[in-house]
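In: need coordinates for the below:
(chains A and B, ligands or ions: 4)
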Amino acid sequence: TKARETEGFFGRLKALFVGRSEIDPGLVDQIEEVLLTSDVGVKTTEALLEEIRAGIKEKKLVKDEQVWDALRRRARELLGGSGGGIKYPARPTVVMFVGVNGAGKTTSIGKLATKLKAEGRTVVLAAGDTFRAAAVQQLVVWGKRVGCEVVSGKDGANPGAVIYDAIQKAAEIGADVVLADTAGRLHTKTNLMDELKKVARTIDKALPGAPHETLLVLDATNGQNALQQAAMFKEALPLSGIVLTKLDGTAKGGVVLGICAEHALPVRYIGIGERPDELRDFNADEFVEALLGQADESTDAAA
Amino acid sequence: MFDTLARGFRQARNRLAGLTELSESNIEPALREVRLSLLEADVEIGVVKAFLSRVKQKAVGRTLEAKVKHEGETMQVSASDHFVKICHDELEAMMSHEGEPIVWASGRPTGLMMVGLQGSGKTTTCAKLARHIAKQGKKPMLVAADMQRPAAVEQLKVLGNQIKIPVFNISGKSPVEICAAAEAEAKKLGRDVIIYDTAGRLAIDEKLMQELAEIKSRVAPENIFLVVDAMIGQDSVKTARSFHERLGISGVVLTKLDGDARGGAAISIKEVTGAPVLFSGVGETTDKFEEFRADGMASRILGMGDVVGLMQDF
Ligand SMILES: Nc1nc2c(ncn2[C@@H]2O[C@H](COP(=O)(O)OP(=O)(O)OP(=O)(O)O)[C@@H](O)[C@H]2O)c(=O)[nH]1
Ligand SMILES: Nc1nc2c(ncn2[C@@H]2O[C@H](COP(=O)(O)OP(=O)(O)OP(=O)(O)O)[C@@H](O)[C@H]2O)c(=O)[nH]1
Ligand SMILES: [Mg+2]
Ligand SMILES: [Mg+2]
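Out: Ligands and ions are numbered 1, 2, ... in the order given. All right, here's what the predicted structure looks like:
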């Protein structure tokens, strides 16, 4: 991924640092461009730039690198308490995955199951997408890969009922975690969002207090629509975190800055590929570095 | 939701209210608002700049006094109305295309190859296209050439079964081998269109991009469609450009337009590749598929369908 980063704006930014000891008059514009091309969005970008401009005006920021430091610090603040994985308050802990079509829910479940298994936890997968063609088979393949139980119903079955069964099964065999898949749905479809609320209620019936985590899966290639996704899924369900997928591409996923800040939602995991081991705990410092470039030794030397 | 997003553009109009002539300087605030609106619609930033400079060129010098007939009545068109119309028409021009969306082969089955990022909607679009084409009296065959995503072949088989279109695959073979064998199979079955479903991939994944290039050279499809999620952000241009440089895409299918994504990618991609958006995906089921309409999309991207509607009779 490092090589990929140098292709992107990270590489361009490095050039900005070198050999400057005073603030370049075009710096703010350059920062704006970096933020906008990373999908940070107009609103969040404006808010960030306003602070930077104020800092420059008040002479609190007098060097380029100070400006970048300030920006990185603010970006990390926006990400709030992001990082770390899920918690395990119960046995089984039930984790429900939701999101728009094709965001990476099923794959993220497969990858998280791989990770949990490696940590020594027993996992049951619940095939709660009974709608999409071959969604169940897709999860079943993941279950075989990981070596964990997959509970499924027939195509078109009630998703709540399938997850209910999976929770029972998990309790029976003493599993630690249930990862529940759901069908992808656009946040604008009221009936499908209502269905999701019903699924959550059924889960609570199977195990009071569950789901313990509800993760919104966001595709990092998405732009500003992700703001609407987060707002509407949050309105429907008590979301506990975000999984940001497809960060292995050239997209930066900058829209999460605004999402985390607005909804006080942490990013829990990032997806960096399709393979079982390509899910990572979110690390705010790393993410901000990939978004804005990093301050490194050569910068200090030059300044 | 559309309302809040449209604010930027309405504001642009307000900023021009009362002006009698559009000039280099008095149009600046309006252009800034349009810029914001387009960025919120996920139009790529470079494309936004190109768009604004064209609009500026066309708008400067327009005056208030123009009178037009609208539904039999003569009415005055304000400078700001002109501005709106210029924006709309320019956007529409940037997205429009002439002629049939599909290039048909003669003397052999027509090939359509679907490519794109992971999860963009390729497999679903294959089935939608097959159904669409079958309705025109043709006999398509689907080729499942995604041997990577778990159960991708089953997915296409389930969809093929729903629409009663045969699905070709050879288990254990590579995507290139499967695609290369498809034409013979189609001829055997008497099918005249072949739709190739390929695995999702990143444009920077050299190995997988090479695989697509090989498939292309083996089957020489008349049509290569880049399938793009309408929710895509600023990455649209980088992605489309890479796929285009590698494969020479002939068109774009914009999926998931049934949501509230403004879909700025529709203009960004055409601007950098020249490949027009040809079809829209508007739902998960195989019937939710339409030919793309540039005029509707221009209003959607600008976020002000109502105002533009008034202007149509110029
Ligand atoms: N490159 C990359 N691809 C990913 C990542 N996560 C998922 N994918 C791919 O994205 C595509 C969609 O992933 P799925 O897991 O099927 O997405 P989903 O949200 O379950 O989709 P639906 O159930 O259809 O709504 C698949 O091809 C995955 O392999 C990631 O982190 N990086
Ligand atoms: N709402 C909506 N969903 C769509 C549309 N087109 C595809 N989808 C959904 O998007 C998800 C991904 O679609 P696929 O056809 O599997 O995408 P793909 O590009 O083949 O994915 P990979 O093969 O994993 O790269 C599925 O849940 C589809 O049902 C559309 O126009 N509208
Ligand atoms: Mg899924
Ligand atoms: Mg597919």
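In: how about the nearest residue to the residue in the stretch 151-300 of chain A that ligand 4 sits nearest to, chain neighbours excluded?
Out: Nearest to ligand 4, among the residues of the stretch 151-300 of chain A, is residue A:274, at 11.9 Å (Cβ to the ion). Heads up, the C-betas are built off the backbone N, CA and C, glycines and all. In space, and not counting its chain neighbours, residue A:274 is closest to residue A:107: 6.4 Å by Cβ to Cβ, 6 or more residues apart in numbering or on different chains.
In: check residue A:275 too.
Out: residue A:111 (7.9 Å).
In: against residue B:295, how distant is that neighbour?
Out: 43 Å (Cβ to Cβ, to the nearest Å).
In: neighbour count: the two, which is higher?
Out: residue A:111 (27 against 16; other Cβ atoms under 10 Å in any protein chain shown).
In: what score does that one have for pLDDT?
Out: Looking at residue A:111, its pLDDT stands at 98.
In: can you tell me the element it falls in?
Out: Assigned by DSSP states H and E, residue A:111 belongs to helix A:105-118.
In: what helices or strands is that helix leaning on?
Out: Contacts defined by 3 or more Cβ pairs under 8 Å, 6 or more residues apart in numbering or on different chains; DSSP states H and E place helix A:105-118 against strand A:93-98, strand A:123-126, helix A:135-146, strand A:177-180, strand A:213-219, strand A:241-245, strand A:267-271, strand A:279-281.
In: now the strands for the stretch 101-250 of chain B?
Out: Secondary structure of the stretch 101-250 of chain B (DSSP state E, counting those that start in this stretch): strands at B:110-115, B:140-145, B:167-168, B:193-198, B:223-229.
In: list the buried residues of the helix holding residue A:111.
Out: With burial defined by 16 or more other Cβ atoms under 10 Å in any protein chain shown, the residues of helix A:105-118 counted as buried are A:105-117.
In: got the contact list for it?
Out: A:95, A:97-99, A:123, A:125, A:129, A:135, A:138-139, A:142-143, A:145-148, A:176-177, A:179, A:181-182, A:184, A:215, A:217, A:243, A:245, A:269, A:271, A:274-279, B:150 (Cβ atoms under 8 Å, 6 or more residues apart in numbering or on different chains).
In: can you count the residues close to the closest residue to residue B:216 other than its chain neighbours?
Out: With Cβ to Cβ, 6+ apart as the criterion, residue B:216 has its nearest non-adjacent residue at 5.7 Å, and that residue is residue B:247. Counted with other Cβ under 10 Å, the neighbours of residue B:247 add up to 18.
In: hmm, residue B:247 is touching residue B:224, no?
Out: Yes. At 5.4 Å, residue B:247 counts as touching residue B:224 under the criterion of Cβ atoms under 8 Å.
In: OK, contacts around whichever residue of chain B sits closest to chain A?
Out: Closest approach between chain B and chain A, counting by Cβ to the nearest Cβ: residue B:233, at 2.3 Å. The contact partners of residue B:233, by Cβ under 8 Å, 6+ apart, come to A:39, A:221-224, A:226, A:251, A:255, B:42.
In: okay, the residues you listed in JSON lines with secondary structure, neighbour count and pLDDT next?
Out: Converted to JSON lines, the contacts of residue B:233 look like this (DSSP: H, G, I helix; E, B strand; the rest coil; neighbours: other Cβ atoms under 10 Å in any protein chain shown; pLDDT from 0 to 100):
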{"residue": "A:39", "secondary structure": "coil", "neighbour count": "29", "pLDDT": "98"}
{"residue": "A:221", "secondary structure": "coil", "neighbour count": "30", "pLDDT": "98"}
{"residue": "A:222", "secondary structure": "strand", "neighbour count": "28", "pLDDT": "98"}
{"residue": "A:223", "secondary structure": "coil", "neighbour count": "30", "pLDDT": "98"}
{"residue": "A:224", "secondary structure": "coil", "neighbour count": "24", "pLDDT": "98"}
{"residue": "A:226", "secondary structure": "helix", "neighbour count": "31", "pLDDT": "98"}
{"residue": "A:251", "secondary structure": "coil", "neighbour count": "26", "pLDDT": "96"}
{"residue": "A:255", "secondary structure": "helix", "neighbour count": "28", "pLDDT": "98"}
{"residue": "B:42", "secondary structure": "coil", "neighbour count": "28", "pLDDT": "97"}
